[in-house]
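Chemist: build me a model from this:
(chains A and B)
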Number of protein chains: 2
Amino acid sequence: MKEFQLIEHYFRNKGQKRRDVELSIGDDCALVNPAENKSIAISCDTLVENVHFLADIPAHALGYKSLAVNLSDLAAMGAEPAWFTLAITLPSVEPEWLERFSDGLFEIAEYYGIALIGGDTTRGPRCISITINGQVIKGSALTRGGACNGDWIYVTGTLGDSALGLDILRGAKIVNTEDKEYLINRHYYPTPRVLAGQALRNLATSAIDLSDGLVSDIQHVLKASKVGAIIDVSQIPLSASIKANLSREEALSYALTGGEDYELLFTVPESQRGAIDTALIHAGVKFVKIGQICAGDKLKLVDDGEPFVPVSRGFEHF
Amino acid sequence: MKEFQLIEHYFRNKGQKRRDVELSIGDDCALVNPAENKSIAISCDTLVENVHFLADIPAHALGYKSLAVNLSDLAAMGAEPAWFTLAITLPSVEPEWLERFSDGLFEIAEYYGIALIGGDTTRGPRCISITINGQVIKGSALTRGGACNGDWIYVTGTLGDSALGLDILRGAKIVNTEDKEYLINRHYYPTPRVLAGQALRNLATSAIDLSDGLVSDIQHVLKASKVGAIIDVSQIPLSASIKANLSREEALSYALTGGEDYELLFTVPESQRGAIDTALIHAGVKFVKIGQICAGDKLKLVDDGEPFVPVSRGFEHF
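Modeler: I've put the predicted structure just below:
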């Protein structure tokens, strides 16, 4: 089966149709017509087998997750998803695998109204690279650089579930049967906070998505905004599943240093707290205040007023 | 060395600055502001080690070529290069290799005024995936679908040099010392016909870049345009280097079925032939008429009026 036939069959004429796509897969380039008065937000994420995903990941989950992690970058800018390209490298053409992969990919693509407009299919070690395009009204994109002294720090959802899910898959952790599926699903099927990100525009002063873990990712905000932060670990949102299976200390370690939650961390001035409550409740997303921006350039973790150091989880996430 | 430090050092703050780039590498997304009244042309090409390039390709050539093949897709649409993202997967961080790779990449990026705005650096088997963005006035992009019965078929440059260069590198062919460097360079450093493509807008009825070989690539035009074609192989442009080292039959085989020339093939109605001459001479590109579009859906090769069948080159390009 030749490259273009493969693209044709599994990816062409599938998924979302958009009126702003003038020409889709099948020519040298796709042609899209952006809305006037909008900037285009562009991001690129690559997933490599045995580096970013286990070799036995279900194809449906890989298709879904490949796009979800890219959508999460758009969410962190407050952008509306529009178009994406897919570069997929596979050791061989396996029709069943491709069918399930494309089902997972288009499931999330349709949910967020984003169109696949091009890509490249090549033979080689398994690797998925997506470049995503979103639109955002000029001047209203969220960045990492706007956090100010005194702003409150929030996160969406719950933290640590994905990293615990990965450890279950790797056989490094054993949990109750009733929690196992939920935790593995949080690893395979992260929820990009696209609507929440859009709701935060003109309200939040900065935003980032949590891909490497809170302690690591917040540093990007602190560096870009030239500020410090205090996080109260007793406020970190933990799921019932993580609490049911781990000690508090261990759960906090996953929540603070585990990766791939794809929740949003954002900062809000006191004057906008009421507006944020209204906006995010409207977006149907849970969120909680976990700390405050301060002067300096350091991150300080506290627990009930005392300094806090997360316990090591023994080995690092990927 | 961590992923972002690697990006920081070799790719950030390098190359072309553009006023339409509001936010470049360093946040969750880049932000760009497209010109009004323009469509965005988007394409994606992946190069995998031992599939699209030999393991011993010089890093500078790989950097250059990775972007050149993507620029060639923009050229085939008549689009002006604007921005690109780079997903690079490497087995290890080798500073010297990265230095030379980024030199090659930015050399061609600066020449064409295109800005690197984001990407992802991951560990794994060597693989380069670029997604490129260009701009083109709405309604003026060249596609594969507009060729009409009676249109003349042209190609730029000379054909077959890159495939012969590859065979020299693989040890499958031996040529004169004086031609060897030229042929290898045509393989390593293809010239995307960006200015020529722009000059063809509103004149050519269809265009495509020659990446897989003339006989293979022209089929996409015939299929998209629902036409047939007659190519006179005696008109195929051959370099002095290919003619000095191969029999006519063998040279034509490379020219017709060899890949990676990255020249443009385009179709022109009789009424625009004079205008095309003027436009392409202005763009400084050599070009020659090699055939004509006809009714039907077949490609017919003729040599001095007689049917022509290219000789097999023994083994296929990659």
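
Chemist: quick check: next helix or strand after the helix or strand harbouring A:Leu31?
Modeler: Secondary structure assignment for A:Leu31, by DSSP states H and E: strand A:30-32. Tracing the chain C-terminally past strand A:30-32 and defining elements by DSSP H and E, one meets strand A:38-48 next.

Chemist: circling back to that earlier point, show me what the strand holding A:Leu31 packs onto, helices and strands only.
Modeler: In this structure, strand A:30-32 makes packing contacts with strand A:21-23, strand A:80-90, strand A:115-123, strand B:38-48, judged by 3 or more C-beta pairs under 8 Å, 6 or more residues apart in numbering or on different chains; DSSP states H and E. All C-beta atoms are positioned from the backbone trio N, CA, C, and that covers glycine.

Chemist: residues in contact with that strand?
Modeler: Judged by C-beta atoms under 8 Å, 6 or more residues apart in numbering or on different chains, the contacts made with strand A:30-32 from elsewhere in the structure are A:20-24, A:82-83, A:85, A:117-118, A:133, B:39-43, B:77, B:136, B:141.

Chemist: 7 Å instead, please
Modeler: Taking contacts as C-beta atoms under 7 Å, 6 or more residues apart in numbering or on different chains, the residues outside strand A:30-32 that touch it are A:20-24, A:83, A:117-118, B:39-42, B:141.

Chemist: and these, which are buried?
Modeler: For the contacts of strand A:30-32, burial is judged from neighbour counts taken by 16 or more other C-beta atoms under 10 Å in any protein chain shown, and it is met by A:21-24, A:83, A:117-118, B:39-42, B:141.

Chemist: name the element A:Gly197 belongs to?
Modeler: Assigning secondary structure by DSSP H and E places A:Gly197 in helix A:194-200.

Chemist: whoops, A:Glu99 was the one
Modeler: Counting by DSSP H and E, the element that carries A:Glu99 is helix A:95-111.

Chemist: now that helix: buried residues?
Modeler: By neighbour count on 16+ other C-beta under 10 Å, the buried set for helix A:95-111 is A:97-98, A:100-102, A:104-106, A:108-109.

Chemist: which one among these gets closest to chain B?
Modeler: Proximity of the buried residues of helix A:95-111 to chain B (C-beta to the nearest C-beta) peaks at A:Leu105, which lies at 14.9 Å.

Chemist: how near is the closest residue in space to the closest one that isn't next to it in sequence to A:Leu86?
Modeler: Nearest residue to A:Leu105 in three dimensions, chain neighbours excluded: A:Gly63, at 3.7 Å (C-beta to C-beta, 6 or more residues apart in numbering or on different chains). The gap separating A:Gly63 from A:Leu86 is 9 Å, by C-beta to C-beta, to the nearest Å.

Chemist: before we move on, what about A:Arg248?
Modeler: Distance of A:Arg248 to A:Leu86, given as C-beta to C-beta: 41 Å.

Chemist: so the two - more neighbours on which side?
Modeler: Neighbours were counted for A:Arg248 and for A:Leu86 using other C-beta atoms under 10 Å in any protein chain shown; A:Leu86 has more, 29 against 13.

Chemist: list the beta-bridge partners for that one.
Modeler: A:Gly119, A:Ile130 (DSSP bridges).

Chemist: ok, it touching A:Leu116?
Modeler: Yes: A:Leu86 sits in contact with A:Leu116 when judged by C-beta atoms under 7 Å, with a separation of 6.1 Å.

Chemist: any shared contact partners between these two?
Modeler: Taking C-beta under 7 Å, 6+ apart as the contact criterion, the residues that touch both A:Leu86 and A:Leu116 are A:Phe11.

Chemist: can you list the domains in chain A?
Modeler: Chain A breaks down into these domains under automatic domain parsing: A:3-137, A:152-303.

Chemist: turn the ones you listed into a markdown table, columns for distance to B:Thr122 and mean pLDDT.
Modeler: Output for the domains of chain A, formatted as a markdown table (distance: least, C-beta to C-beta, whole Å; pLDDT from 0 to 100):
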| stretch | distance to B:Thr122 | mean pLDDT |
| --- | --- | --- |
| domain A:3-137 | 5 | 91 |
| domain A:152-303 | 13 | 96 |
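
Chemist: export the helices and strands packed on strand A:30-32 as a markdown table, with columns for distance to A:Ala196.
Modeler: Conversion of the helices and strands packed on strand A:30-32 to a markdown table gives the following (distance: least, C-beta to C-beta, whole Å):
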| stretch | distance to A:Ala196 |
| --- | --- |
| strand A:21-23 | 26 |
| strand A:80-90 | 13 |
| strand A:115-123 | 22 |
| strand B:38-48 | 27 |
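
Chemist: ok, which of the ones you listed comes nearest B:Ser206?
Modeler: The stretch from the helices and strands packed on strand A:30-32 with the least distance to B:Ser206 (C-beta to C-beta) is strand A:21-23; that distance is 13.0 Å.

Chemist: tell me if that closest one is near chain B.
Modeler: Yes: applying C-beta under 7 Å from any C-beta of the partner chain, one finds that strand A:21-23 is in contact with chain B at A:22-23.

Chemist: list the contacts of that strand.
Modeler: A:30-33, A:83, A:115, A:117, B:39, B:143.

Chemist: change it to 8 Å
Modeler: Here strand A:21-23 makes contact (C-beta under 8 Å, 6+ apart) with A:29-33, A:83, A:115, A:117, B:39, B:141, B:143.

Chemist: ok, stretch A:62-72 next?
Modeler: Around stretch A:62-72, the neighbours that count as contacts under C-beta under 8 Å, 6+ apart are A:43-45, A:47, A:53, A:57, A:81, A:84, A:86, A:100-109, A:112, A:114, A:128, A:130-132, A:188-194, A:209, A:211, A:260, A:262.

Chemist: I'd say A:Ser241 and A:Asp179 touch.
Modeler: Yes: at 3.9 Å, A:Ser241 and A:Asp179 qualify as touching, with contact defined as C-beta atoms under 8 Å.

Chemist: buried sites along the host helix or strand of A:Ala255?
Modeler: Assigning secondary structure by DSSP H and E places A:Ala255 in helix A:248-257. When burial is assessed from 16+ other C-beta under 10 Å, helix A:248-257 yields the following buried residues: A:250-257.

Chemist: check stretch A:293-308 too.
Modeler: Of the residues in stretch A:293-308, A:293-294, A:299, A:301, A:303, A:308 count as buried by neighbour count, 16+ other C-beta under 10 Å.

Chemist: which members of those residues are the farthest-apart pair?
Modeler: Largest separation among these by C-beta to C-beta: A:Ile293 and A:Asp303, giving 19.0 Å.
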